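> Got a sequence here, can you model it:
(one chain, ligands or ions: 1)
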Amino acid sequence: MTTAESDNRPIVAYIASLDLMKISSLLPSNKNRSSLVHTLARSLDLFSRGFSSVRSIALVPPQSAAFAELNSYHTKEYLDFVLDPKSVDSGDTGTKTELGLEDDCPPFEGMSEYVRLVGGASLTTVKMLRQPRCELAICWDGGRHHAKKSQAAGFCYVADCTLALMALRRLTQPSSDPDSGPSRKMRTMYLDLDLHFSDGVSHAFHQTSKGSPHLLTFSIHHAAPGFFPASPLAELPFPGGDPFTLSLPLREGASNQTFAHAWKCVERVHAVFDPDYVVVQCGVDGLSGDPCAIFNWSLGPSEGSLGWCVGRIVNEWRGKKVLLGGGGYDSPNAARAWAYLTSVALGHPLSLDTEIPEHAYLNSYAPSFVLDVPAGNMQDQNSAEYLRTVEESFDVVISTIAERMKK
Ligand SMILES: [Zn+2]
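Residues are numbered from 1 along each chain as shown. From the prediction side, this is the model:
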């Protein structure tokens, strides 16, 4: 084993702390999920220095976000309410409705610390990327892609993806120092793999990206009438639309094979946009076995699986990357998936038949007690004809992006 002095392995920053785990575990939609996620990762030895000879892990506690940091996107009115611990028991119904704090986003005990800490956790990934050796940062407690400027939505109380992308944009501004020579403005790609459309993030940058192609958002998701969230931006690219706000909707039963087809569009967009930074929202509610039961995606190992896609990003794409969490309502499967993706990010993928080690939550992993999240037998409704339509619509938008990149 190398010594600390001679260890030049690139670093993967893994954002975690006991506080973050406790506070994230209070989220009503994902009770205790965070505890399962981090405890499984630890029990699989992912946090040990010698786990991988390719990249080394650094456990980094999140910095709680300051009001001003949250206010760089969220409105003061929204923050005044969610950051006030008294709001849980008080606050009139009208205000709660206005701020989206009802139905699937009720105010909850710990909400103010949650917003500060989860917002701060995703911002910490960007701070870590400033270190030359840090190639990749992971925040499985982040990825809340539905939260809006002044509203909670879809189990999301803080727009941590948007905040991280904004911080990344500030980090990547070209230097104004004339002595530092010419510098190209850095480009960032946001890729969202959650079952649901990344409406919060896509809408946040949709307006501004028109004239400034330095940030591209790309969401692969399910879209159908009545399926959350409804948005005109959740559809296939269309002529005249913003080519830097992309969507690839898939139909029910999407399998590894369908994702392998869709992935060709992702690679082509990536190649033409050529980002310096990539932020991936790795929501796992599209995996087979999730209570949403819409897709039939598996964790690995074949082409098109979640693990394969993330492997492509971390091993084949240039630049620095951030991996965020997101949806995933079978907590043991979310823990399995994110532990496996952590091992992929470290350059030493665990075997999918790895047995879940003896630890406090072992019984949650019945009946398989192994790492794999295999596909089920749902029928894939993404016909060859539909996938051709997808490809054709991406042919057009990719040439538009290429044109715009020349300007
Ligand atoms: Zn989701």
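> which residues sit in contact with the residue in the stretch 201-350 of the chain positioned nearest to the ion?
Closest residue of the stretch 201-350 of the chain to the ion, CB to the ion: residue 327 (2.7 Å). No exception for glycine: its C-beta is placed from N, CA and C like everyone else's. Residue 327 makes contact with 143, 155, 194-196, 283-285, 292, according to CB atoms under 8 Å, 6 or more residues apart in numbering.
> cool, and residue 306?
When the contact criterion is CB under 8 Å, 6+ apart, the partners of residue 306 are 193, 259, 282, 284, 286-287, 297-300, 337, 341.
> if you set the cut-off to 7 Å instead, what comes out?
By CB atoms under 7 Å, 6 or more residues apart in numbering, the contact set of residue 306 is 193, 287, 297, 299, 337.
> The helix or strand that contains residue 13 pairs with which strands, parallel or anti?
Counting by DSSP states H and E, the secondary-structure element that holds residue 13 is strand 11-15. With DSSP bridges as the test, strand 11-15 is paired with strand 56-60 (parallel), strand 134-139 (parallel).
> I figured residue 213 hits residue 244, correct?
Yes: counting by CB atoms under 7 Å, residue 213 touches residue 244, with 5.4 Å between them.
> on that earlier part again, can you pull the phi/psi pair for the residue of the stretch 201-350 of the chain closest to the ion?
Taking degrees, to the nearest 10, you get phi -70, psi 170 for the backbone angles of residue 327.
> burial measure for residue 8, as a count.
Burial of residue 8, expressed as a neighbour count using other CB atoms under 10 Å, amounts to 8.
> meant to ask about residue 389
Residues contacting residue 389 under the criterion other CB under 10 Å number 11.
> in the longest helix seen in the chain, what's buried?
When every helix of the chain is counted residue by residue (DSSP state H), the longest turns out to be helix 384-406. Residues of helix 384-406 classed as buried under the neighbour-count rule (16 or more other CB atoms under 10 Å) are 386-387, 390, 393-394, 397-398, 400-401.
> Run through the residues that contact residue 136.
12, 314, 320-321, 345.
> The strand ranked longest in the chain to helix 384-406, inter-axis angle?
Within the chain, and with DSSP state E defining each element, the longest strand by residue count is strand 215-222. Using axes from the mean of the first three to the mean of the last three CA atoms, to 10 degrees, the inter-axis angle of strand 215-222 relative to helix 384-406 is 170 degrees.
> how big is the angle separating the helix or strand that strand 215-222 is followed by from helix 384-406?
Sequence order places strand 245-250 as the next helix or strand after strand 215-222, per DSSP H and E. Between the axis of strand 245-250 and that of helix 384-406 there is an angle of 170 degrees, by the same axes, to 10 degrees.
> Adjacent strands (with direction) for strand 245-250?
Looking at strand 245-250 with DSSP bridges, its partner strands are strand 215-222 (parallel).
> what about the partner strand and the ion, touching?
No: judged by CB under 5 Å from the ion, strand 215-222 stays clear of the ion, getting no closer than 7.9 Å.
> Please save the CA atoms from that strand in PDB.
Output for strand 215-222, consisting of C-alpha atoms alone and laid out as PDB, is shown next (Å, rounded to 0.1, in the frame of the first residue of the first chain):
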ATOM      1  CA  LEU A 215     -24.700  24.600 -19.500                       C
ATOM      2  CA  LEU A 216     -26.700  21.700 -21.000                       C
ATOM      3  CA  THR A 217     -29.400  19.800 -19.100                       C
ATOM      4  CA  PHE A 218     -30.400  16.400 -20.300                       C
ATOM      5  CA  SER A 219     -33.100  14.300 -18.500                       C
ATOM      6  CA  ILE A 220     -34.000  10.700 -19.400                       C
ATOM      7  CA  HIS A 221     -37.300   9.800 -17.800                       C
ATOM      8  CA  HIS A 222     -40.800   8.500 -18.100                       C
END
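> mind listing what's buried in stretch 272-289?
Buried residues in stretch 272-289, defined by neighbour count with 16+ other CB under 10 Å: 272-273, 275-289.
> Among these, which are located in helices?
Members of those lying in helices (criterion: DSSP H): 272-273.
> filter the buried residues of stretch 272-289 by proximity to the ion?
Subset of the buried residues of stretch 272-289 in contact with the ion: 283, 285, counting by CB under 5 Å from the ion.
> so residue 13 touches residue 134, yeah?
Yes: using CB under 7 Å, residue 13 is in contact with residue 134, at 5.4 Å.
> Quick check: neighbours shared by these two?
With CB under 7 Å, 6+ apart as the test, residue 13 and residue 134 both reach residue 128.
> Settle it for me: which of the two has more neighbours?
More crowded of residue 13 and residue 134, by other CB under 10 Å: residue 13, with 23 against 19.
> All the strands of the stretch 201-350 of the chain, in order from the start?
215-222, 245-250, 277-281, 320-324 (DSSP state E, counting those that start in this stretch).
> Those into TSV, with extra columns for distance to residue 45 and mean pLDDT?
As requested, these are exported to TSV (distance: least, CB to CB, whole Å; pLDDT from 0 to 100):
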stretch	distance to residue 45	mean pLDDT
strand 215-222	32	97
strand 245-250	35	98
strand 277-281	24	98
strand 320-324	19	98
